[in-house]
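J.: Sequence plus the predicted model coming up.
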Number of protein chains: 2
Amino acid sequence: MSYSFSDQTTLSQELESLLRKLHSQVGNAITDDKYILFGAGSTQLLNAAVHALSHLNSSFPASAVASIPYYALYQMQTEFFDSADCSFQGDPARWKNATNTTGDIIEFVTAPNNPNGQLNEAILHGPNVKTIHDRAYYWPHFTGIPSPADEDLTIFTISKLTGHAGSRFGWAFIRNEEVYQRMNTFLQLNTMGVSRDTQLRAMKLLKVIIEDGGREIFEFGYKTMTKRWDRLRKTLSMSNRFSLQKVAPENCTYFQKVREPTPAYAWVKCEREEDKNCIEILNAAKILGRGGSVFHDDDRYARLSLIRSDDDFDMLISRLESLVSKEDGAKIM
Amino acid sequence: MSYSFSDQTTLSQELESLLRKLHSQVGNAITDDKYILFGAGSTQLLNAAVHALSHLNSSFPASAVASIPYYALYQMQTEFFDSADCSFQGDPARWKNATNTTGDIIEFVTAPNNPNGQLNEAILHGPNVKTIHDRAYYWPHFTGIPSPADEDLTIFTISKLTGHAGSRFGWAFIRNEEVYQRMNTFLQLNTMGVSRDTQLRAMKLLKVIIEDGGREIFEFGYKTMTKRWDRLRKTLSMSNRFSLQKVAPENCTYFQKVREPTPAYAWVKCEREEDKNCIEILNAAKILGRGGSVFHDDDRYARLSLIRSDDDFDMLISRLESLVSKEDGAKIM
């Protein structure tokens, strides 16, 4: 098994065309006239993108930003790998009126957002702003698909499409040839492309999904997530202590209806003045999740995952019910 | 398929114990009391090692060196990813008597060496010298195994063990805990570990190899490489124009005999004064390989691969025979 395929690339062309076909069926990305690259999950592609976009126009170090709350990896990666070329600067809001900066600005835009499920849009615009669109969760089981993504640099991953996180497979669509070439050089020198075993696995999964236009997997996923959100909402509706994020309904061109979003994570807020550390309170009741500060937000928030096994989800609900039932003045006892 | 195994790591413990068992059977590495890490080929591990060893003791940028001729990736990776932390300085010979340097020195030691098959040893020694031992070719089909590698940081890859280069699987043994932790952080933030599909493939391959202590694969590999070297030597023995590298016989503790090495590559020298660019001359005769300058050596040398399909190897020999037969004063006509 050689390093490269017979066309001398490290990308399976068959897998590439399956990916383009899937996006066309789902309507969540326009892939025409865009380059494609594969990575070891979106993880490697995010890093390749930051590297490619730093020093693209300017010899000054770039600044990376992401709206709070944001996925911690953006900052950890940028600081670990790119400290000389790009500094992580937190929330973009404070840059909004900065008309003049010495270097490029790279904005991570995550839609739907991890952890809170919002369909984020870019905050910054201008000739020195480059945007990395992380679309890991932009699939019909998590959100309505109002329109296909059509951005300069968009990253997807199989881990949130089929759940095969361990396969480490992601892909990026890139409009600009120079950015594509720079990312490709990164990926070749970093790992010489993506494991062919992984590409084979992804190909087999995609073939099955595409057979019926994604109907079976997305309807199953949407139904499962809806049921879970219904149970979670019902449980927390009895509570005065914990509240859930509000995410606006979206038109879904895939399911052809307006639908309530069913994001991968609940972004829980502890409402009591004294509950300053929400995840500590949940942990004490054996409820696992991540604290708000992991996402550079207030620890009054915590992220709970709804993408887990049925048994684990049942356990989560039962422990939440028990916690809520102990509230003074809870709406049920 | 989750990001992690049930023990919360991204490494299969079963695969780890198979790797340790294989090295014990082959006698090519002492793995006791060493940490192990998996990477996307040796490629990713080499990069993780440079990153981990830079700024280990000193705040000054490190310098990386490798004896000429060397595998081009060392320099390309270091310059692409680590330019702020580590500068590539070429051959270590000129550092040999430099007793005082401001930063750490990282020496790549490749044994057997790519391209020339020599069992290189470290040139530099001292408290500020860190060594990365690239043992990709340290298997009984390529070289005698005089003694097990027992180094601070040793890297292996499946691509030169079974030929599964496309699977992108390598592993490293690391003595020092801090270096291990730093490499692990690199691998987690870079790709969140190695594809589980790849780990499954590696596990299946290793299970078969280990069943008979590696006899079948190494005897087949050694026999095949010996036949190919015999044919190549015979072909070039007729030539005054092209010569082959000399590699000393080594005792092989695995095959329990002294044996001629059968390296993966021939390092051909063009002997005529006017043949300054050896690969051009070979290319003109439709013989594919890589020029000496790819390995930062004289272009009077060229690397020809002996690890290819039988058909490709037959073609190589037939084209070499034809080229040699055209020599004025060739030993055959």
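T.: Okay, I see it. Numbering: from 1, shown residues only, chains lettered A, B, ... in the order given.
J.: A:Tyr74 belongs to a helix?
T.: Yes - membership of A:Tyr74 in a helix is supported by DSSP: H, G, I helix; E, B strand; the rest coil.
J.: Looking at whichever residue of the stretch 201-333 of chain A sits closest to chain B now. What's its pLDDT?
T.: Taking C-beta to the nearest C-beta as the measure, the stretch 201-333 of chain A has A:Arg201 as its residue closest to chain B, at 4.7 Å. To be clear about C-beta, it is placed using only N, CA and C from the backbone, and glycine gets the same treatment. A:Arg201 carries a pLDDT value of 97.
J.: Get me the contact residues on the stretch 51-200 of chain A for chain B.
T.: By C-beta under 8 Å from any C-beta of the partner chain, the residues of the stretch 51-200 of chain A that approach chain B are A:73, A:76-77, A:80-81, A:83-85, A:159, A:163-169, A:185-186, A:189-198, A:200.
J.: thought the residue of the stretch 201-333 of chain A closest to chain B was touching A:Gly166?
T.: No - if you go by C-beta atoms under 8 Å, A:Arg201 and A:Gly166 don't touch, sitting 9.8 Å apart.
J.: Strands along chain A, start to end?
T.: Assigned by DSSP state E, the strands in chain A fall at A:35-39, A:62-66, A:86-88, A:105-110, A:129-134, A:153-157, A:170-174, A:242-243, A:250-252, A:257-259, A:265-270, A:290-291, A:301-305.
J.: Specify the angle between the second one and strand A:105-110 in degrees.
T.: When axes from the mean of the first three to the mean of the last three C-alpha atoms, to 10 degrees is applied, the directions of strand A:62-66 and strand A:105-110 differ by 20 degrees.
J.: Would you mind getting the angle between strand A:62-66 and strand A:129-134?
T.: 40 degrees.
J.: contact partners of strand A:62-66?
T.: A:50, A:53-55, A:74-75, A:78, A:85-92, A:95, A:101, A:103-110, A:123-124, A:130 (C-beta atoms under 8 Å, 6 or more residues apart in numbering or on different chains).
J.: Tell me which residues touch the residue nearest to A:Gly221 when sequence neighbours are not counted, please.
T.: Take A:Gly221 and drop its neighbours on the chain: the residue closest to it by C-beta to C-beta, 6 or more residues apart in numbering or on different chains is A:His141, 2.9 Å away. By C-beta under 8 Å, 6+ apart, the contact set of A:His141 is A:217-218, A:220-222, A:224-225, A:262.
J.: let's see it at 10 Å
T.: Residues in contact with A:His141 (C-beta atoms under 10 Å, 6 or more residues apart in numbering or on different chains) are A:160-161, A:214, A:217-226, A:262-264, A:307.
J.: Could you pick out the buried ones from the residues you listed?
T.: A:160-161, A:214, A:217-218, A:221-222, A:224-225, A:262-264, A:307 (16 or more other C-beta atoms under 10 Å in any protein chain shown).
J.: could you dump those to CSV with pLDDT?
T.: Formatted as CSV, those follow (pLDDT from 0 to 100):
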residue, pLDDT
A:Lys160, 97
A:Leu161, 97
A:Gly214, 97
A:Ile217, 98
A:Phe218, 98
A:Gly221, 97
A:Tyr222, 98
A:Thr224, 98
A:Met225, 98
A:Thr262, 98
A:Pro263, 98
A:Ala264, 98
A:Ile307, 96
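J.: need those residues in a markdown table with distance to B:Leu205, can you?
T.: As requested, the buried ones among the contacts of A:His141 are arranged in a markdown table below (distance: C-beta to C-beta, whole Å):
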| residue | distance to B:Leu205 |
| --- | --- |
| A:Lys160 | 30 |
| A:Leu161 | 29 |
| A:Gly214 | 34 |
| A:Ile217 | 31 |
| A:Phe218 | 36 |
| A:Gly221 | 34 |
| A:Tyr222 | 40 |
| A:Thr224 | 37 |
| A:Met225 | 39 |
| A:Thr262 | 41 |
| A:Pro263 | 40 |
| A:Ala264 | 35 |
| A:Ile307 | 32 |
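J.: Pick out the most distant pair among these.
T.: By the measure C-beta to C-beta, A:Gly214 and A:Pro263 form the most distant pair in the buried ones among the contacts of A:His141, at 18.8 Å.
J.: circling back: give me the common contacts of A:Arg201 and A:Gly166.
T.: Between them, A:Arg201 and A:Gly166 share the contacting residues B:1, B:195-197, B:200, judged by C-beta under 10 Å, 6+ apart.
J.: What is the nearest of those to B:Ile210?
T.: B:Leu200 (15.8 Å).
J.: ok, the closest one touching B:Ser12?
T.: Yes - B:Leu200 is within contact range of B:Ser12, at 7.9 Å (criterion: C-beta atoms under 10 Å).
J.: My understanding was that A:Thr31 contacts A:Leu22; is that so?
T.: Yes - contact criterion C-beta under 10 Å: A:Thr31 and A:Leu22 qualify, at 9.4 Å.
J.: show me what contacts the residue nearest to A:Phe255 when sequence neighbours are not counted?
T.: Closest residue in space to A:Phe255, ignoring its immediate chain neighbours: A:Pro140 at 6.1 Å, by C-beta to C-beta, 6+ apart. Contacts for A:Pro140 (C-beta under 10 Å, 6+ apart) come out as A:26-28, A:214-215, A:217-219, A:221-222, A:225, A:252-255, A:259, A:262.
J.: Then A:Gly39?
T.: Applying C-beta under 10 Å, 6+ apart, the residues near A:Gly39 are A:45-49, A:155, A:157, A:168-172, A:183, A:186-187, A:190-191, A:193-194, B:191.
J.: number of nearby residues for the nearest residue to A:Thr9 once chain neighbours are set aside?
T.: Once flanking residues are discounted, A:Thr9 sits nearest to A:Gly193: 8.0 Å by C-beta to C-beta, 6+ apart. A:Gly193: 25 surrounding residues under other C-beta atoms under 10 Å in any protein chain shown.
J.: do the same with A:Asp104
T.: 21.
J.: Find the nearest non-adjacent residue to it, please.
T.: Nearest to A:Asp104 is A:Ala62, by C-beta to C-beta, 6+ apart, at 4.3 Å.
J.: A:Ala248 now?
T.: A:Ala248 sits nearest to A:Pro261 (C-beta to C-beta, 6+ apart), 7.5 Å away.
J.: quick one: low-confidence parts of the stretch 151-300 of chain A?
T.: For the stretch 151-300 of chain A, not a single residue meets the criterion pLDDT under 70.
J.: can you give me the helices in the stretch 51-200 of chain A?
T.: A:73-81, A:177-191, A:196-211 (DSSP state H, counting those that start in this stretch).
J.: Turn those into CSV, including mean neighbour count.
T.: Shown next, in CSV, are the helices of the stretch 51-200 of chain A (neighbours: other C-beta atoms under 10 Å in any protein chain shown):
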stretch, mean neighbour count
helix A:73-81, 19
helix A:177-191, 19
helix A:196-211, 19
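J.: Let's have those in CSV, adding distance to B:Gly117.
T.: Listed next are those as CSV, based on distance: least, C-beta to C-beta, whole Å:
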stretch, distance to B:Gly117
helix A:73-81, 34
helix A:177-191, 25
helix A:196-211, 27
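J.: what's near enough to touch A:Thr253?
T.: A:26-28, A:140, A:144-148.
J.: Just the buried ones out of the residues you listed, please.
T.: For these, a neighbour count by 16+ other C-beta under 10 Å gives the buried set as A:26-28, A:140, A:144-145, A:148.
J.: Kindly provide the distance from the residue nearest the centre of chain A to A:Ala172.
T.: Nearest to the mean C-alpha position of chain A, counting by C-alpha atoms, centre = their mean, stands A:Ala136 at 3.8 Å. Here the criterion is C-beta to C-beta, to the nearest Å. By it, A:Ala136 lies 11 Å from A:Ala172.
J.: any common contacting residues for these two?
T.: A:42, A:46, A:155-157.
J.: for the closest residue in space to A:Asn116 that isn't next to it in sequence, what are its contacts?
T.: Leaving aside its chain neighbours, A:Asn116 sits nearest to A:Trp267 (4.0 Å; criterion: C-beta to C-beta, 6+ apart). Residues in contact with A:Trp267 (C-beta under 10 Å, 6+ apart) are A:69, A:113-118, A:243-247, A:289, A:292, A:295, A:297, A:301-304.
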